[in-house]
Each structure stands twice: as structure tokens, then as C-alpha cells.
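>>> predicted model and sequence below, questions to follow.
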Amino acid sequence: MDDSLSDNRPLKILIADDSDSDRLILKTLLRRLGHEVEDARNGEDAVGIFRKSGADIVLLDALMPVMDGMEAARHIKALAGERLVPLIFLTSLSDADALVRCLEAGGDDFLTKPYNRIIIEAKINAFNRMRLMHRTLSHHRDVIRDRNRQLLEEQEVAKRVFDNVAHTGCLDAPNIRYHASPMSIFNGDVLFACPRPAGGMHILVGDFTGHGLPAAIGAMPVAEIFYGMTSKGFSGSDVLREINQKLCRILPTGMFCCAALIQADFHLNQLQIWNGGLPDGVLIRKNCVFESIASRHLPLGVLGATRFDAVMEVFRTEPGDTLLMMTDGVMEAENGDGEMYGEERVKRSLDDVSNGRSPFDAVMAGIRSFTGKRPEQDDVTLLSLEMAEESELAGVSDGLQQSALEGPAEWHCVYEIQDRSLEQFSPLPLLLHICMEVPGLRHKSGEIYTLLAELYTNALEHGVLGLSSDWKTTPDGFGRYYAERERLLRAVSDHFIRFTLTHTMTDRGGQLTIVCEDSGSGFNYLDVSAVGSESGYSGRGLMLLQKLGRSLSFGEYGTRAEIVYDWHFSEVAAREGRANT
């Protein structure tokens, strides 16, 4: 704050009056009151003095030669800018119109002639209080404005970092449509999508309690866990457990994240969905049959690890089926009368789907028609995922994160998982991580994961558990297959699955040999391979292994499988070149 405007210093007062005697009387009176006084004979001189030395209060005669008081008042107000400089007219005028013109010119009050010392002192003190109050308010306004600008700049920087961490991933895939409308720079809704190494993708729709920065803080660790674990091949259930444990540890009491995690496996025409606290989703079949995706779990960050249930519902789908998920901002969108959009209006808006309108467009049109131009009262997020042929999503997995660390080129690794660990733990992310230590293999993560996953699935489901893929040819059998799988896994004992990985360099690139052995009774891999087809489920895994690997062989009645996978420098260089462009 300017020391020259301190409360205790004498006021600087400017007097403009063409009467020498009146000016002298007023000047003497003000100086006796302890103020500093400058004087002028006309308005033009008064403006010049004010421009040069300024004044705290100006006393102006209304009628003066060269430039009258009203014109001088306009000039002085313009020169003062945002600073409050009280203007008091010295006048013997009694005409109401003349007095109004003085006020319209910028005057704040009048002093009538002859002067009364007590009235002058009271008015000077009153206007000084107003001046000091205005100065204080202006100072606080400037401080608030500067701090607000600084906060906005800091928020913009934080937003750039936030967007780099909590990025959109593969939300630009051709089978995804979404609407996300935050109430502020940061918001409580999260929407992430990440391709999986084996194909397909994970999508997370979330809604943290609250709004703005406090609600968005939890999105940072969630994004790191979601993208990091998904790109390493962890299942949706594993991702959910890790996110829930992290949020339980870092969020304050009363704060949590309502969320839905979607694991889309396009090559299997299958969705796995976990809904904890979000509004019911809708799975719209091609024949316009609707299936509700109910919330069956508590939100993330509420239950501890021992009580948290990460089991995902499995839905068999067909290309063209569409999944619709939303946050509660859709339901709570209000119109001008304060009414909420609600679940019933969502259902009514979906009636247009039978007329050829997409579910996403139908709901968005319903919301906009209902709310009009009313600002949204909550963060609104709507997601549409259409099941598609895997071939239509080529290139989506190019966005998988890659490590910058260099690793060994020649190595041999044996890893065995046993007994109850077969139920509780998937070795695939760890095995994939080992393989990705080879720089040349990092851009082949999807194919490597597919090899490991298919070998492990065959060893676990057909070798150890003795399940038959023939069950998956019908909807009832599909459900029976996974129910039986879960039941058998809970009772598994005295079994193992062993991976032996060997990598060597070649003149053209490298060679990865994967051997998978299990303790089961074996299965007739020849029959399974013979009945496999591109459209069915039985045998598809073996056909995929044969396409990806240079050679595939079985031994020990199907309890041992070996595949040799070759990669070439030219392919890696081409992938890196596309990434750099």
C-alpha cells in the first residue's frame, strides 16, 4: 500500500475559484485545519495543477472564466482514473437544474457561500473516510485479482500435467463415442481408455465425490494405475483391486469414486463389466433388446482389500451391440424449473434407437432438449462403446506405453505358478514385463501377450481344470463355462503351470522360444485344432498361435506346448518410424 496515502498524513486539497477573496478565505481556513492547499484562478489552471501534483480532494467553483468548474470536473475525474478524488462544488447557485449539472459533471457534493468552518471540516473528514475506504477496497481488489490470476496460471500448468497423466488413451477409437462436460478446469468425473496387449481394451468411467480440484486429485493415481497395469496385461479385476486399495489409502473419510470398469474382448465378442455406484448402464443388442448393467458393488475407496469384491460380470455380445454407461450428472441434469432428467427420461430417449438413431445420439438429444441452455449443475459424462470386429480396430494398440529402460538380449527364464496361486494370481503381466526388457520386442507387446495368454489359458482351463471349449458355442454354455471355471479354480490343488522362456539374437532380429507345461491330464489338441474356425470359440486360440509363431508343437499328451516366435529389426524400425511421425 502507498505510504503517501497513509491515514495520518495531511490531505492535499486543490481549490479553484476566480474570486481572490473567497479563495484566500478558504485556503486559510483549510491550512488551519492542517491540510496542504494549492489554488487556481480558473478551471484550466486547476486541471494543469492536478495533472502535475495531484490532489486528494478538489474544491471547484461552478462558474469560472476560461474553463468553468463543470468542464474542469470532467477532466479531473478522467485524470484520476480508478482513484477516488472527491469533487466538491463551491457555489452560490440555488437553481436545481444547475446543481444537477454539477453532479452530472462528476461532482460529489456542494459547499454554499458564505463558508461555515464546521460544515467544511465535517465534509472534508467524511469524504476523506470515503476516499480511504475506496483505496482499501481497491487495494484488496487488486490483491484478489493478482492472486486469482496466479491461481489460474497455476491451474493451467497443473491441468497440462493432469492431462498428460490422466489422458484420454484410446478414446478416439472408431467404436467409442463420449461426452465429457466438466464444471471447472478440474472435475470429479474420469474417463480413461487403454488398449490391452492381447487385444481389446479397458475403459474406466468414474465419478469422485465433490467437484473441482479436490475431486480431481484422486484421478491422478487412478490414471497411473489404470494405464500402467492395463498396458502390462493385468486383468480388469486386478486393476480394480489396485485402484481400490490406493484410494482407500489416500482419500479422506467420506470421499470415494463411483466407477465402472469395462473389459472389452472383441476377438471373443465378450464384455466383462464391474459397476460400483454408477447409474445402471444399458447394453443395447442389435435387435433393440435392452439389458441393464446394474450397480452391484460399493464405490472404489470404501472397502478394504479383504472385503473388496472385484468379480466382473461376463456378457456375451455380437458386433453391433452397444454399451452405454454414464455418471449421475446425466440423471441430475436440470431444466429451468429445477426438474432432474432422471432414469425414466433416459429410458424414453432410448426409444429412438428402434428408429435407427444411435443410443449415444438419442440420450444426448434428450438431455439437450430437456435442459435447454441451462448450465450443467454437475459433471456430465456419457460413454458409448460399440462391439466391433477386431480387424476394424487395427492400430488402436499403438498407444501402449513403452519403457525407456534397456534390458538383456540373451537370457533364459523359468517361472512356475502353483496350487492356490493359480486362482489368485495371473503370471502374464510379469512374464510380459520380462519379455519387454528386450528393446526390439517392446513394439510387439500385443503379439507376445497373446502368445503367453493363449498358452496359459489352454494350460489352465483345458489342462489343469479339464474344461471343454465346446460349452462356449451357446449362450447357456457360455455362462456355464465361466461359472464352472470359477468353481474349479477355488478347489484347485497339487497343480502347477510352468513357463520356460528363452531369447536369443539373430542376424535379422531375435527369437523368443516359449515352453508352457502343466500338471493336468492333457487334452486332445488335434481334435480341438481340427474343429476350430474363425467364427467359433473352440480352437481359435490354437489357430492364433499357429499364425503368430514360426512353429507350434505339443508333447506329453498336450501338457507341454512350445512355440517359437521370430521378430525382425526391419519391422521394429518401421514401427518406431511411424511413432516418430
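Now that the structure is in, tell me what you want to look at.
>>> which pLDDT value belongs to residue 256?
For residue 256, the model assigns a pLDDT of 92.
>>> okay, now it: neighbour count?
23 (other CB atoms under 10 Å). Every residue, glycine included, has its C-beta placed from N, CA and C.
>>> which ones are touching it?
208-209, 247, 277, 299-302 (CB atoms under 8 Å, 6 or more residues apart in numbering).
>>> in JSON lines, list those along with secondary structure, neighbour count and distance to residue 128.
Shown next, in JSON lines, are these (DSSP: H, G, I helix; E, B strand; the rest coil; neighbours: other CB atoms under 10 Å; distance: CB to CB, whole Å):
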{"residue": "208", "secondary structure": "strand", "neighbour count": "28", "distance to residue 128": "52"}
{"residue": "209", "secondary structure": "coil", "neighbour count": "18", "distance to residue 128": "51"}
{"residue": "247", "secondary structure": "helix", "neighbour count": "22", "distance to residue 128": "58"}
{"residue": "277", "secondary structure": "coil", "neighbour count": "20", "distance to residue 128": "60"}
{"residue": "299", "secondary structure": "coil", "neighbour count": "21", "distance to residue 128": "59"}
{"residue": "300", "secondary structure": "strand", "neighbour count": "29", "distance to residue 128": "61"}
{"residue": "301", "secondary structure": "coil", "neighbour count": "26", "distance to residue 128": "58"}
{"residue": "302", "secondary structure": "coil", "neighbour count": "19", "distance to residue 128": "60"}
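>>> distance check, residue 203 against residue 219.
15 Å (CB to CB, to the nearest Å).
>>> next one: residue 461
36 Å.
>>> which of the three states applies to residue 173?
coil (DSSP: H, G, I helix; E, B strand; the rest coil).
>>> verify the stated contact: it with residue 203.
No: with contact defined as CB atoms under 8 Å, residue 173 does not reach residue 203; the gap is 9.7 Å.
>>> looking at the two now, which is surrounded by more residues?
residue 203 (27 against 21).
>>> pLDDT score assigned to that one?
For residue 203, the predicted pLDDT is 96.
>>> what of residue 428?
At residue 428, pLDDT is 88.
>>> ok, back up a step: which neighbours do residue 173 and residue 203 share?
With CB under 8 Å, 6+ apart, residue 173 and residue 203 have common neighbours residue 193.
>>> flag every buried residue along the helix or strand hosting residue 366.
Taking DSSP states H and E as the definition, residue 366 sits inside helix 359-371. Within helix 359-371, the residues scored as buried using 16 or more other CB atoms under 10 Å are 359-360, 362-364, 366-367, 370-371.
>>> can you check stretch 110-118 too?
Applying 16+ other CB under 10 Å to stretch 110-118 flags residue 111 as buried.
>>> just the mean pLDDT for that stretch, thanks.
On average, stretch 110-118 scores 83.
>>> try stretch 563-572
80.
>>> quick check: of the contacts of residue 256, which lies closest to residue 541?
residue 300 (32.2 Å; CB to CB).
>>> can you tell me how far that closest one sits from residue 262?
From residue 300 to residue 262 the distance is 14 Å (CB to CB).
>>> more neighbours: residue 461 and residue 219, which one.
Set residue 461 next to residue 219 and count neighbours by other CB under 10 Å: residue 219 wins out with 24 against 21.
>>> pull up the per-residue confidence for the more buried one.
For residue 219, pLDDT reads 83.
>>> report all helices and strands that the helix or strand where residue 564 lies contacts.
Element membership of residue 564, judged by DSSP H and E, is strand 560-568. Under the contact definition 3 or more CB pairs under 8 Å, 6 or more residues apart in numbering; DSSP states H and E, strand 560-568 sits against helix 445-457, strand 509-518, helix 540-548, strand 551-555.
>>> what about the stretch 51-200 of the chain, any weak spots by pLDDT?
Along the stretch 51-200 of the chain, the parts satisfying pLDDT under 70 run over 93-95, 98, 158-159, 161-168, 182-187.
>>> where along it do the helices fall?
69-80, 96-104, 117-165 (DSSP state H, counting those that start in this stretch).
>>> give me the contact list for the shortest one.
Counting contacts by CB under 8 Å, 6+ apart, the residues outside helix 96-104 that touch it are 62, 69-70, 73, 89, 91, 93, 110.
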